[in-house]
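**Student:** any chance you can model this:
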Amino acid sequence: MDVLYIASQMVMLSLPIALGYAIHKAGIMNDEVDHGLSRLVLEVALPCLIVSSISSVEVLPGAGTVAVVLACSAGAYVFALAMGYAVSAAMRVPEDVAPAYRYLITFGNCGFMGFPVAEAVLGQQSVLLLAIANIPANLVMFSLGVSMFRSHGGWRRMLASCAASLRTPTLIASIATLALVLAGVNDLGILGGAFDIVGQLTTPAALLIVGSSLARFDLRAMFGNWRAYVATFFRLLAIPVVVLVALQALGVNPAITAVVALGIGMPVATNGTLYCLQYDVDLKPMVQATFLSVVGSIATIPLVVSLI
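**Tutor:** All right, here's what the predicted structure looks like:
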């Protein structure tokens, strides 16, 4: 794929983010609007987009391909999790903010940013593979990810969190789509068309929300933490490039390689901010890295895709 085309797609995606920033400053969007629209995207529009993605391919992936996608995604997140702990330790992060750094290095915002970006630069058919790849990602995020912020609770809380993630609409839609793929169903008729119409809301709404969220922060406070820059580098570039090189070396199908590497190279997952608030972890590093990763992804995503 032409690098200039990829860059142009990222610029195109960045403009709605800038618009979201501007209309938040103008008072059109606010925290209440962001919260309501976020729920609409995550609980309605994105699940519809995922289910409707099966209609974007004429030939569905077989069980073998699905198994490879799941295995590659699981392996990628195990590596990302190890990097989260290793990089935090190497930077000698204070223990009171260590959970934030471990989380933000490990987990990207695949729900809000991953699907719109994949659809824009890899085509609509990539949404189906990314939905499958996102299943182990969500399980790890809502189990081991949450456990990073908890000082106690052990395996019981981790398993309870993992079980709770099974009830999220996005994961339910992903599992339902996986079942349809394995059953060989890729035509949902009128229902599929209706899902597609609602799913089209995902990209513009998600990008506006990202921009509006950035408008809450004092930009001058976003640039003074060197650890946030290092963590952002690993989140956006080091982890996806290593995953990309490893999958290429293993001879994995290029389409699967592209989806897994792109999905794991997204900006910091917004759930991290919520967990910091819930478990009384200093919010500032998470906010700084979230801001830097959103801005930096405009350059890093075209670079990662160009390496595929």
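**Student:** to what extent is Leu122 buried, counted in neighbours?
**Tutor:** Neighbour count for Leu122, taken as other CB atoms under 10 Å: 21. Where C-beta positions appear, they are placed from N, C-alpha and C, glycine not excepted.
**Student:** for it, which residues are in contact?
**Tutor:** 258-259, 262, 305 (CB atoms under 8 Å, 6 or more residues apart in numbering).
**Student:** and those, which two are furthest apart?
**Tutor:** Based on CB to CB, the longest span within the contacts of Leu122 runs between Val259 and Val305 and measures 10.9 Å.
**Student:** out of the two, which sits in the more crowded spot?
**Tutor:** More neighbours surround Val259 than the other of Val259 and Val305, with 28 against 25 (other CB under 10 Å).
**Student:** so which strand or helix has that one?
**Tutor:** helix 254-263 (DSSP states H and E).
**Student:** which ones are touching the residue nearest to Ala238 when sequence neighbours are not counted?
**Tutor:** In this structure, Ala238 finds its nearest non-sequential neighbour in Met83, 7.4 Å apart by CB to CB, 6 or more residues apart in numbering. With contacts defined as CB under 8 Å, 6+ apart, the neighbours of Met83 are 105-106, 234, 238-239.
**Student:** so which of the contacts of Leu122 is the closest to Val33?
**Tutor:** Nearest to Val33 among these, counting by CB to CB, is Leu262 at 29.1 Å.
**Student:** distance of that closest one relative to Ser306?
**Tutor:** Going from Leu262 to Ser306 by CB to CB, to the nearest Å gives 11 Å.
**Student:** who has more neighbours, the two?
**Tutor:** More neighbours surround Leu262 than the other of Leu262 and Ser306, with 26 against 13 (other CB under 10 Å).
**Student:** helix or strand: which one has the residue nearest to that one when sequence neighbours are not counted?
**Tutor:** Spatially, and ignoring its direct neighbours in sequence, Leu262 is nearest to Ala118 (5.8 Å; CB to CB, 6+ apart). In the assignment (DSSP H and E), Ala118 maps to helix 115-122.
**Student:** also compute the angle for that helix relative to helix 254-263, please.
**Tutor:** Computed with axes from the mean of the first three to the mean of the last three CA atoms, to 10 degrees, the direction of helix 115-122 lies at 140 degrees from that of helix 254-263.
**Student:** could you give the separation of helix 115-122 from the chain centroid?
**Tutor:** Helix 115-122 sits 12 Å away from the centroid of its parent chain (CA atoms, centre = their mean, to the nearest Å).
**Student:** moving along the chain from it, name the first helix or strand you hit.
**Tutor:** Next element after helix 115-122 (DSSP H and E): helix 125-140.
**Student:** output the below-cut-off pLDDT ranges for the stretch 1-150 of the chain.
**Tutor:** The model of the stretch 1-150 of the chain has pLDDT under 70 over residues 1-3, 6, 9, 56, 111-112, 142, 150.
**Student:** same deal with the stretch 201-308 of the chain?
**Tutor:** Within the stretch 201-308 of the chain, the segments meeting pLDDT under 70 span 274, 277-278.
**Student:** the same query, at a cut-off of 80, please.
**Tutor:** 206, 210, 213-214, 216-222, 270-283, 308 (pLDDT under 80).
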